[in-house]
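# Next one to model:
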Amino acid sequence: MAIAPVRDLDPFTVEILKDSLIAIGDEMFVALQRTSQSPIIYEVLDFGSGLTDAKGQLITQGNGVTVFIGTLSPAVRFTLEKFGRDGLAPGDVVATNDPYEGGGTHLSDVTLVVPIFHGGELIAFAASKAHWTEVGGKDAGSWTTDSTEIFQEGLQLPCVKLWNAGQPVQSVIDVISANVRLPDMTLGDMHAQAAALHLGEARFHQLCDKYSVEVVLGSMQGLLDYGERATRLALSALPNGVYEAEDLIDDDGIGNGPFRVRVKVTISDDEFVCDFTGSHEQVPGPVNCSVTGLHSGARTLFMAVTDPNIPVNDGCFRPLCIVCPPGTIFSAERPAPVSTYWETLNYVTDLLWKALASVVPDRLPAGHFLSVCGSVVAGEHPDTGELFLLVDPHAGGWGAGTAKDGEQGLMCVADGETYMVPIEVLETRYGVLVDRYALDIPPSAGMGRHRGGRGCVRAYRAVADEIFVTATCGRHKYVPWGVDGGGDGSHNEVRFLHADGRVVALGKCARYRLARDEVVEIVTGTGGGFGSPLEREPERVREDVLDGYVTRQSAEQDYGVVLDPETLDIIGLRR
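Have a look, this model is predicted:
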């Protein structure tokens, strides 16, 4: 298929096509949200969708999970490698969730790929990755914290056709149905995802019919080149140098840890090199991250420090170079368990963030609560007697910046444009009640000239005879970091309140049993502070106390502001 040379294209047409391609990605996104069967998709927005060119280069990607940036292109290239152009036809839908190649992360994140043909030639792909609530495996909800090999984590789809030339491959669909606990929900999400991609395919054909295939493909090449030029321009404004950081990952969920991880960032005018050499080898438990997650985490931070306003495409990442030996906790190989990969993927972003926070303080705040703090609450619904599965991420506190306090109660960097399941929805669909949903105020955390944002506490009370909770809260042992003299934040934890008065606090758990009327609380951390707390204006400290964000004792001990116990007027300074 001929491609119009970029130099011959009308720049106004290219701009219109850029916005049209972005709109196609957004329309696919909304279509899947509105037709999905699972709250993790239609409420949380745990998915992403986009378009690639015929080579698998990302052209545009809709909102959703931040760290799905960088996963669609490998899935398309995996499809091309397996089937070749001659093995694909109009009406095909290909599925893959392989964590070790083809853009996979963990088995619950399933990518569907639809080839787009025009005039008999393959010209592009529509693709989306979505979290399916159930893909089988040893635990309800599929992801777990104590798996020891990939085979325990669910059904693997190694780049297989679900539809062949428009006809369903019923044998494959039957295998999926037979291996998941909620087949109606899983297959409903599969059909919704495929339909959204076909919508994108139709919209792409409309563009080709209106502007010609040659102009559309030429504009796509122009967008890739523009993404590279704009990113290199932003990169050249960063201070050249070598910057390093290291940290500790709590544990692997089955008793091993902590694990030291590190990065060395080398910035020049035209290259951004991230070298993770020296990080811990892959581990027995499921916190391992594969190469796809490594690249996604690095891309997320790279965009943040260059220009996050550039429409994302693969051209933006041409200056990015990622170095990591195989077989590390960031580059795990088959059959390592990867069920809670996001705990480690977040450290990819956070290490780069930590290394550069003092270099570009106008772009990067102090450390945040970091973990998805994901939970699965499962049980038999008291009204229907059927299995219910509540899969939910949780919001927490972000670090303070050079000119502002940290944000409170937001999703972590990996989750991006996502949400928690609304209380009204989960109380209607699941066997729990929400006793409490509020900001969590630790006695002393995130102190600084600008203070870290507070995390949250969300409490689920069992109304079924019994429920089982699987949860993972990273940064349970090693808290968010402060910058320029700011205080560290507080840790995340899952807390169980038993009928006999026992309180059990953990960082990770699998299938923890609670009886009727017992409670599980997910508590997320406060972000790190920025600058010395003794530099915070005394009146702002007093306002924090009045608002309940800082205790009176912390105001005196950490900020040096003495308040009257009754009136809370400022009566002295200890600075």
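
# only C-alpha atoms for contact and neighbour calcs from this point on.
OK.

# where do the helices sit along this protein?
Taking DSSP state H, the helices of the chain run over residues 11-35, 39-42, 72-83, 170-178, 183-211, 213-236, 291-305, 342-356, 423-429, 538-547, 552-557.

# now those helices in a markdown table, with mean neighbour count, distance to residue 110 and mean pLDDT?
Output for these, formatted as a markdown table (neighbours: other CA atoms under 10 Å; distance: least, CA to CA, whole Å; pLDDT from 0 to 100):
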| stretch | mean neighbour count | distance to residue 110 | mean pLDDT |
| --- | --- | --- | --- |
| helix 11-35 | 19 | 13 | 91 |
| helix 39-42 | 23 | 12 | 94 |
| helix 72-83 | 22 | 10 | 95 |
| helix 170-178 | 14 | 12 | 97 |
| helix 183-211 | 19 | 9 | 96 |
| helix 213-236 | 20 | 26 | 93 |
| helix 291-305 | 24 | 13 | 95 |
| helix 342-356 | 25 | 15 | 97 |
| helix 423-429 | 13 | 24 | 92 |
| helix 538-547 | 16 | 44 | 96 |
| helix 552-557 | 19 | 47 | 94 |
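
# could I get those as JSON lines with distance to residue 98?
Output for the helices of the chain, formatted as JSON lines (distance: least, CA to CA, whole Å):
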{"stretch": "helix 11-35", "distance to residue 98": "22"}
{"stretch": "helix 39-42", "distance to residue 98": "20"}
{"stretch": "helix 72-83", "distance to residue 98": "9"}
{"stretch": "helix 170-178", "distance to residue 98": "15"}
{"stretch": "helix 183-211", "distance to residue 98": "16"}
{"stretch": "helix 213-236", "distance to residue 98": "27"}
{"stretch": "helix 291-305", "distance to residue 98": "10"}
{"stretch": "helix 342-356", "distance to residue 98": "15"}
{"stretch": "helix 423-429", "distance to residue 98": "30"}
{"stretch": "helix 538-547", "distance to residue 98": "48"}
{"stretch": "helix 552-557", "distance to residue 98": "49"}
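
# among the ones you listed, which is nearest residue 257?
Closest to residue 257 of the helices of the chain, according to CA to CA: helix 342-356, at 12.7 Å.

# Quick check, residue 357 in contact with residue 351.
No: the criterion here is CA atoms under 8 Å, and residue 357 misses it with residue 351 at 9.8 Å.

# ok, back up a step: list just the one of the helices of the chain that sits closest to residue 413.
Ranking those by proximity to residue 413 (CA to CA) places helix 342-356 first, at 7.5 Å.

# tell me the contacts of the closest residue to residue 376 other than its chain neighbours?
Among residues not flanking residue 376 along the chain, residue 391 sits closest, at 4.6 Å (CA to CA, 6 or more residues apart in numbering). Neighbour list for residue 391: 40, 133, 141, 374, 375, 376, 377 [criterion: CA atoms under 8 Å, 6 or more residues apart in numbering].

# Next step: those restricted to strands.
374, 375, 376, 377 (DSSP state E).

# Please identify which of these is nearest to residue 411.
So of the ones in strands among the contacts of residue 391, ranked by how close each gets to residue 411 (CA to CA), first place is residue 374, at 10.9 Å.

# ok, back up a step: if I look at the residue nearest to residue 376, how far off is residue 186?
14 Å (CA to CA, to the nearest Å).

# overlap in contacts of these two?
residue 133.

# Count the neighbours of the nearest residue to residue 167 once chain neighbours are set aside for me.
If the residues on either side of it in the chain are set aside, residue 167 comes closest to residue 91, at 7.5 Å by CA to CA, 6+ apart. By other CA atoms under 10 Å, 18 other residues sit near residue 91.

# Just to check, residue 91 is in contact with residue 161?
No: the criterion here is CA under 8 Å, and residue 91 misses it with residue 161 at 10.4 Å.

# which residues touch the residue nearest to residue 193 when sequence neighbours are not counted?
Leaving aside its sequence neighbours, residue 193 sits nearest to residue 32 (CA to CA, 6+ apart; 5.7 Å). For residue 32, the contact set (CA under 8 Å, 6+ apart) comprises 41, 42, 192, 193, 195, 196.

# give the contact list for the fifth one.
This points to residue 195. Residue 195 neighbours (CA under 8 Å, 6+ apart): residue 32.

# With the last one instead?
Residues in contact with residue 196 (CA under 8 Å, 6+ apart) are 28, 29, 31, 32.

# again, only this time at 6 Å
28, 31, 32 (CA atoms under 6 Å, 6 or more residues apart in numbering).

# distance of the second one from residue 138?
Taking CA to CA as the measure, residue 31 falls 32 Å from residue 138.

# And the pLDDT at the residue nearest to residue 122 when sequence neighbours are not counted?
Leaving out its chain neighbours, the residue that sits closest to residue 122 by CA to CA, 6+ apart is residue 116, at 5.9 Å. We have a pLDDT of 98 for residue 116.

# Point out where the protein drops to low pLDDT.
Across the chain, the ranges flagged by pLDDT under 70 are 1-8.

# sorry, back to before: relative to residue 111, which of the helices of the chain is closest?
Checked against CA to CA, the stretch from these lying closest is helix 72-83, at 7.1 Å.

# Quick one: the strands in the stretch 301-450 of the chain, in order.
320-323, 374-380, 387-392, 432-439 (DSSP state E, counting those that start in this stretch).

# packing partners for the first one?
This points to strand 320-323. With contacts defined as 3 or more CA pairs under 6 Å, 6 or more residues apart in numbering; DSSP states H and E, the packing partners of strand 320-323 are strand 272-275.
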